[in-house]
Each structure stands twice: as C-alpha cells, then as structure tokens.
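# Mind looking at a prediction? Sequence and model below.
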Amino acid sequence: MPTTARERLTELLDGVTDPGASSVHRKLPKSALSVAVDGVGPLRFPISDEQAAQLRRLGRRARFGRGEQTLTDPEVRDTWEIPSDLVHVAWTDAFEGVLDGMRDELGLPPHCRLMPELHSMLLYETGQFFVAHQDSEKDDAMVGTLVVTLPSAYAGGELVIDHRGQATKHRGSRVNVSLVAFYADCRHQVLPVKSGNRITLTYNLLLAGDGIGPVAEGPLVGELADCLHSHFTTPVAPPYGGRAERPKRLAYLLNHEYTARGLSWSRLKGSDAAGVASLRAAAERAGCEATLALAEIQETWDAYDPDEDPWYREHDENEEDPGGHKDSGDADDGRYVLNDLIECTITLAHWIGPETGRLEQISLDLGEAEVASTTPTTDLTPYSSQYEGYMGNYGNTLDRWYRRAALIIWPRSRNFANRAESSPGWALDELSEMARAGEVAKAREAAQSLRPFWNASIQSGRQVELFGRALRTAGALDDAQTAALLLSPFPLELLAPDQAPALARLAARHGDAWIGDLLREWSTGWGFGPYVHAPEPLRWLADLPRLCATLLSADDDTTARHIVDLSWTWFMDRIRPVLVSPLTSRSAAWLTAHGEPLSGIIAAAAQTGSTRVLDGAITVANTGGDQALVLVTAALRVVKPHTAGFGELATGCAERIRASLARPPRTEDDWSIALPAGCECELCKVLGAFLQDPKRRDFDWPLAKEKRRHVHTRIDDAELPIHHETRRLGRPYTLVLTKTEALFERDRIARERHQADLAWLTENRDSFI
Ligand SMILES: O=C(O)CCC(=O)C(=O)O
Ligand SMILES: [Fe+2]
C-alpha cells in the first residue's frame, strides 16, 4: 500500500505507461532492399566471400567516439567501414510499414515518424567485433539506431543489446534481411564473428513530427493532480531531524536516459512520452509549472571487493602503508559486492528554461522527499564509478555517478522562489526587470522570498558572474534591507576595481553603518587556518591599492578605509601564529609568499590614511622576531619604487639587520642550539639542556617508543641541525642524538642573506618614501 502522495503517483504512472520495448527486431525477405557499392557493383544475397573481399578492399578501420574525440583502437572496435558515399541503398515500400511498426513497438506516439539516415556500411570479418558502448547522438532529432544485417553466411557476431541489466541477442541470417532498432541510451555490442563475414548497414533514427505523447484518457490526470496537490500541502520531516516542511518541488525521474543534446519535450523515449504528457497535464490542473531537467546522481555504497583478503586488511599494522586506495573505472564496477546505500545526492544541473525553452545550466540539490521514479537508479548503468579501499576511518565504499532526466513540477504560487533557487542569475535579472518596469514594490517583496535559500544558492553557484548582477540589482531595487539581503552571500575578495563605483553608489545611498555591516559580513568568509593554501584572497590583497584608488576617485573614503582595516585584521589573524613559531624553511617560504599581500595592504593604508594599519605594520617590523624580518623584507622587495607608506619600515628593517650583523659570529667551538619554545615537558627540558650546552655534541638517551617519538617530532618540526637515530639494543632502545655541521653552515648563510638585504636596502634607500 503506497503511503505518500509520491508513492501513489509513481504507482499510477507505472500502471498506465506501457514501458514499450527498448529494442525491436524484424526480418524481411532479401527482396526488400537492393544495395550497390561503387567499385563492387550490386551486392548479391547472400553475400559471397568474393564480394566481401572486394568490400574489404574499400574499407577503412572503423572509428568510434569517446566524449568529444573520435578514435581508432582495434581493442575496442575491430571492423571495416565502407565509405558511405560509395553505398547506394534502395528499399521497397515495405520499409515504411516496418518503421511505423517499430515506432509503435518502441512506444513512440503514432503521430510522429521514424526517419532513417544511412550512417555507415560495416564489414566484420572472422574475429572482428565492437565492445559494449552507447551510440552518440549525431543529430538533435536522433532517438535511436537501426542496424540492418544483410544476408550472408556467418556464425557468432551477435548484436547484444542491454537495457536495465537485460541482454537481448540478435542474430542475422543467410537468407533474410534482419533489422534491429534500439534507443540511443541502450548499451550494445557486437560479439566476435566466429566464421564468415557479417555485413551491416547502420542508420541514425531521427524522430520527425511532434513526439509529445498522448495524454491518457479517463481519470488518470485527475488522480495525478490529486497526488500533486497532496504532495505540495503535506509537510515532511527532514531525514536527520528538524522542522517538517512542505516539499517545494517534485522531480519525477524518467525511465530512459537523455543527453543534454537529446532532451526535448518532443523527443521523449518509449513510456516517457506518455508519462510526461499525463503528468504535465496533471500539473496544469493542479496549478503547477513543469519543465524537463537533467540530474546528476551520486550514490555511495558500502561495498567490498570479494578478491581482497579481509584478514590482511584488518590485521595490517604496517605504519608505512596508508591503506589500499584503489581507483577503478566502470569496467570493474560489477565485481564489487554492495551492502548498504550510505548516501545518495541528486543535483539538477540543467533544465529547459521555462521561459526561454532552451537548455540552461542550473545547480539545485533535491531533498529525498522531492524525488519520485518508476525505474530505480540501481537498474541503470553508471557513467562512472570509483571504488575506495579501506581508509582507516570507515569501510570500503563504491561511488557511482549517473545522469538522469526528470520532469520537475512546482506550485505556481512558488514560481519566483523556486526558479530563483535553481537559477540565482535569472532571479537577479528578473528583479531588475521588475524594477525597470516600475514595479519596485513587487520586486522588493519577491526579493524577500529569497531569504531562506539565497546564501546557499549563491555559494554553490558561479559567484564571480553573479556578483556584478547582484550589485546592479541591489542598485535598482533601492532599498537598504533588500540590498543587504542580495549582497550578503558574497566574499570580499570578489570585489574588483570595476565594481567599486557601483558599491560606492550603494554606500552613499544607504550610509556608513550599512556598508560597515556588509563589508564585515563579506570578510567573515575568510576563515582560513594559518597553513591552508589559499592564493585567491592573497592575490586580491596584493591588488588592494587599485581597488582603493577607484573607491577614492568615486569619493568613497569610508568604504576604502573599512576595507583596508578589515584586510589588516584578517591578515594579522592569519599571520600571527606563524610569527611566533620556529623559523624553518617551510615557514620562511610561507612568510615570503605573504610579502606581496602585505605590501598591498600597506600601500592601500597610505592611500586611505589608515594610521592604525600603518602603525601596526611598523610595530610588527620593529618588535617581531626574525620571522617578522623575513615577512617585511619580502614586502619591501616587491613594492614599486616611490610608493608611499614604506619609508619608516625600510629604515627600521635596515637597523635591525645591522644590529644582527653586529653580533659576533658563532665561534668554531660553540655548539649551543636554542630549542624553540612550545613545550614545557620534562623531556623537552632535558633536550633543551643538551642543545644549549656549547660543549656537548652527542647524547645517548635510553627512551621508550612514545618518548622517542616526541623528541623526534620536536627536532624535525623546528628543523634543528641534529641527527637522530634509534639504536635497537637493550630495553628501552637508545635514542642517539648528534649535532651536525649544518649548524655553522646555516649561520653563515643567514649572515650572507642579511648582508645582501642590507646592501639592497641601503642602495634603494631613496625609493622608500
Ligand atoms: O554492426 C553492428 O551491428 C552495430 C554497429 C554499432 O554498434 C555502431 O556502429 O555503433
Ligand atoms: Fe553502436
């Protein structure tokens, strides 16, 4: 007994839509067609070995498509293709009738016609084959393929058509013409020919006329409309708790597969035509809108590889081995054993724009309660899959990706909000359009309906492109609260100089508090940890002077100063932990990479007169350790000569380097090393004392495993010039520490670097102002 409206709807559709065949087979007498090939003459049926040999001489190795490419690979496709401009085919009238019969059996509406378009003539000699594949749609109107096998004597070479795990084998004949038509989404293959020659003509089947299915008669449409009504009025609790809400839409997944090119109201395959026609009529009756869409589906299964030894997996304690990570393509997919479906996400990626009628890119995640289908996704073949072996934190998984078409239905009352959620760019343009037409109040009200999902839709969409549109729309709607709503989801680093004037206009209109709040919100997205590699905001900071110059020339000092302030705060939060960590090769490289953003902030601070920032930078340079010196030197190295803001920094920096050089160099017998702060434990006290002692070079230290590990880690993290080794003798083992010559080498290199920096600073003294 179906319980939800969705289940009732699925059952109704399942009951009335005749699934139609996915492939159909006919035999015709050999008199049904005549074929002549230039250079060979008329073919005589059954085709003799001699004529086959003549065809072979005209043939080229057949190619096949993969994605955008056309390839030859005899491992995939081993057959000869006779150039189709040499081939002339004449059918008797019987052919028309056969095509109409095939159309009906495939479940296509009676008022349209299948139009065959000769694609190629193929010759399979003994041993030749074509592995499983799906034909590409070579024309927008193409719905399937027709394979005509000409009469000849051969064995093997069966055409195997797969549909939802069911394989149908078709054999040709010595005396008859054999015709097989199938939908373009069926995978098929030609098994190796065991003896003789197999000769086929392949046709693209185009659908002519309006293929929109008939709307079922009787009570069905009314019943479906009732289901839709109850679906949209019954709140559903989310699977992981929370408040029950009414579903916003219903996505009915179609039975056949469609490519972006082939998705069209008038070219639906088999049962889909009738199902969609009835459901669309029901949507109309229930006051709903409907359109066709393409969904990306990802399933994650708890799965295992029966060939993998489970004992080995569970008992493997080898620390060196991070676990068996293995990728596999779909060819391997079938060998895994599936346990539970852990997760399934369905995202709409394209739809036929309800207004434009054209395929548009969208991005919208569907909830479980928003999806219905008569064909379970597991019956289909994934277009890609990946097996992930045991990774330590949870078991093995098999990910599978599918593409499915869907009819999306939503209540007309939610038209604006629903479409906006799938396509935020459309929503922004639509709001601007309303405002331009003088309907500003209506536009503001519509904008309010975006609130529940606006952040999420913008963050999953193409933000760069949407940002400019959001600024324009916020201007057109001319209301502080609405503008804040529309703009809040964006990150600050999207703000480019050419958008600065639009932002300055909004700031002037809505006031200092408004722009302050907005900028603060934009900058909270910058929550990166100190070692996360995040080049985008850094590049944006380096370019800050250009942005500020544009704002200043638009007379917006306040916004410019706010931005410099927020940038400095963010930058310092990011840099602070590294300034107090040991200076290692890794942290030095990281700090150097921050020189350019720092110079951007300082130059912008000088432009905007932000003394807090300028003073802050000087304090860091004068009071920070060697780490700060690395950072500030890197910043000075990249500033353009005569950029304001750097004079005092350059002087302070030079003084500190001079002071450091004035200290006497390490003497030959001084082996003392400072252990950086960071741990106060007993072990570190012992380690620190050994390091500090200028006389001691070696230390044999009996220590248990965990303790040895702690000491290693301290030494390695700080890149100290100490060699460490475990002598595996006695209990506990002995950790052998030895100070290395690198200690002196490093000192020498540091002095040389200081000398070079000082010389450079002195030489360029006048360019820092
Ligand atoms: O030769 C056949 O039976 C089928 C050939 C085929 O699958 C193709 O050309 O795509
Ligand atoms: Fe094919």
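Received the coordinates, thanks. Numbering: from 1, shown residues only. Ligands and ions are numbered 1, 2, ... in the order given.

# Surely residue 83 and residue 62 touch.
No. Between residue 83 and residue 62 there is no contact, the gap being 11.1 Å when judged by C-beta atoms under 8 Å. The way it works is simple: take the backbone N, C-alpha and C, and place the C-beta from them, glycine included.

# Mind checking which of these two has more residues around it?
residue 62 (19 against 14; other C-beta atoms under 10 Å).

# Not counting sequence-adjacent ones, nearest residue to the more buried one?
Closest residue in space to residue 62, ignoring its immediate chain neighbours: residue 81 at 3.9 Å, by C-beta to C-beta, 6 or more residues apart in numbering.

# Quickly list what the one you found is bridged to.
residue 60, residue 122 (DSSP bridges).

# Tell me who's in contact with it.
59, 60, 61, 62, 63, 120, 121, 122, 123 (C-beta atoms under 8 Å, 6 or more residues apart in numbering).

# same check, this time on residue 487
Counted by C-beta under 8 Å, 6+ apart, residue 487 has contacts 470, 471, 474, 518.

# Now go through these and say which are in helices.
Among these, the members found in helices (DSSP state H) are 470, 471, 474, 518.

# Pull out the buried residues from stretch 408-428.
Neighbour-count burial for stretch 408-428, with 16 or more other C-beta atoms under 10 Å as criterion, is recorded at 408-411, 414, 416-428.

# Looking at those, which are in strands?
408, 409, 410, 411 (DSSP state E).

# restrict these to contacts with ligand 1.
When contact is defined as C-beta under 6 Å from any ligand atom, these do not meet ligand 1 at all.

# quick revisit: check the ones in helices among the contacts of residue 487 for burial and list the buried ones.
Those of these that meet the buried threshold are 470, 471, 474, 518, by 16+ other C-beta under 10 Å.

# quick check, nearest of the residues you listed to ligand 1?
residue 470 (47.1 Å; C-beta to the nearest ligand atom).

# can you pull the contacts of the closest residue to the closest one other than its chain neighbours?
Leaving aside its chain neighbours, residue 470 sits nearest to residue 486 (5.1 Å; criterion: C-beta to C-beta, 6+ apart). By C-beta under 8 Å, 6+ apart, residue 486 lies in contact with 428, 431, 447, 450, 454, 470, 473, 474, 477.

# Equivalent analysis for residue 199, please.
47, 52, 55, 121, 122, 123, 124, 149, 150, 152.

# Tell me which two in the residues you listed are the farthest apart.
55 and 149 (14.2 Å; C-beta to C-beta).

# Can you tell me what sits against the one helix or strand residue 686 maps to?
Using DSSP states H and E, the element containing residue 686 is helix 682-692. With contacts defined as C-beta under 8 Å, 6+ apart, helix 682-692 is touched by 672-675, 696, 699, 701, 703, 707, 710-711, 714-715, 720, 722, 737, 739.

# Could you do stretch 37-54 as well?
Residues contacting stretch 37-54 (C-beta under 8 Å, 6+ apart): 30, 34-36, 55, 58, 82, 86-88, 121, 123, 125, 150-153, 174-175, 177, 197, 199.

# circling back: ok, of the ones in helices among the contacts of residue 487, which one's closest to residue 482?
residue 474 (7.1 Å).

# wouldn't the closest one be in contact with residue 483 here?
Yes. Counting by C-beta under 8 Å, residue 474 touches residue 483, with 3.8 Å between them.

# so what's residue 247 up against?
231, 232, 236, 367, 369, 370.

# hang on, isn't the fifth one packed against residue 6?
The one in question is residue 369. Yes. In this structure, residue 369 is within contact of residue 6 by C-beta under 8 Å, at 7.3 Å.

# Where does the stretch 251-400 of the chain get nearest to ligand 1, which residue?
Closest point on the stretch 251-400 of the chain to ligand 1, by C-beta to the nearest ligand atom, is residue 259, at 15.3 Å.

# Give me the three-state assignment for that residue.
coil (DSSP: H, G, I helix; E, B strand; the rest coil).

# Find the nearest non-adjacent residue to it, please.
residue 137 (5.7 Å).

# host element of that neighbour?
Applying DSSP H and E, one finds residue 137 in no helix or strand.

# contacting residues for it?
Residue 137 neighbours (C-beta under 8 Å, 6+ apart): 184, 259, 261, 262.

# With distance to residue 504 added, can I get the residues you listed in a markdown table?
Shown next, in a markdown table, are the contacts of residue 137 (distance: C-beta to C-beta, whole Å):
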| residue | distance to residue 504 |
| --- | --- |
| 184 | 54 |
| 259 | 46 |
| 261 | 45 |
| 262 | 48 |
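
# right, and the pair among those residues with maximum separation?
184 and 261 (10.2 Å).

# Compare neighbour counts for the two and give me the winner.
Legend: neighbour count by other C-beta under 10 Å for residue 184 and residue 261, higher for residue 184 (22 against 13).

# Now that one. Its backbone dihedrals?
phi -70, psi -20 (degrees, to the nearest 10).

# What parts of the stretch 51-200 of the chain come near ligand 1?
Near ligand 1, when you scan the stretch 51-200 of the chain using C-beta under 6 Å from any ligand atom, you find 122, 130, 135, 147, 159, 188, 190, 200.

# List the residues that contact the second one.
With contacts taken as C-beta under 8 Å, 6+ apart, residue 130 has the following neighbours: 62, 64, 76, 77, 78, 79, 189, 190.

# Out of these, which is nearest to ligand 1?
For those, the nearest to ligand 1 is residue 190 (4.8 Å; C-beta to the nearest ligand atom).

# distance of the closest one from residue 517?
67 Å (C-beta to C-beta, to the nearest Å).

# on that earlier part again, who wins on neighbours among the contacts of residue 130?
residue 190 (25 neighbours).

# what's across from that one in the sheet?
Applying DSSP bridges, one finds that residue 190 bridges with residue 130, residue 159.

# Mind jotting down where the strands sit in the stretch 551-700 of the chain?
698-702 (DSSP state E, counting those that start in this stretch).

# okay, now residue 381: neighbour count?
Based on other C-beta under 10 Å, the number of other residues close to residue 381 is 20.

# quick one: which helix or strand includes it?
When the helices and strands are read off by DSSP H and E, none of them contains residue 381.

# Ignoring the adjacent residues along the chain, who's closest to the residue of the stretch 451-600 of the chain found nearest ligand 1?
Relative to ligand 1, the nearest point of the stretch 451-600 of the chain is residue 462 (36.2 Å; C-beta to the nearest ligand atom). Nearest residue to residue 462, sequence neighbours excluded (C-beta to C-beta, 6+ apart): residue 425, at 7.9 Å.

# Does that neighbour touch residue 465 like I think?
Yes. Judged on C-beta under 8 Å, residue 425 makes contact with residue 465 at a distance of 6.9 Å.

# among the helices and strands of the protein, which one scores worst on average pLDDT?
Here the helix or strand of the chain ranked lowest by mean pLDDT, DSSP states H and E is helix 310-315, holding a mean of 43.
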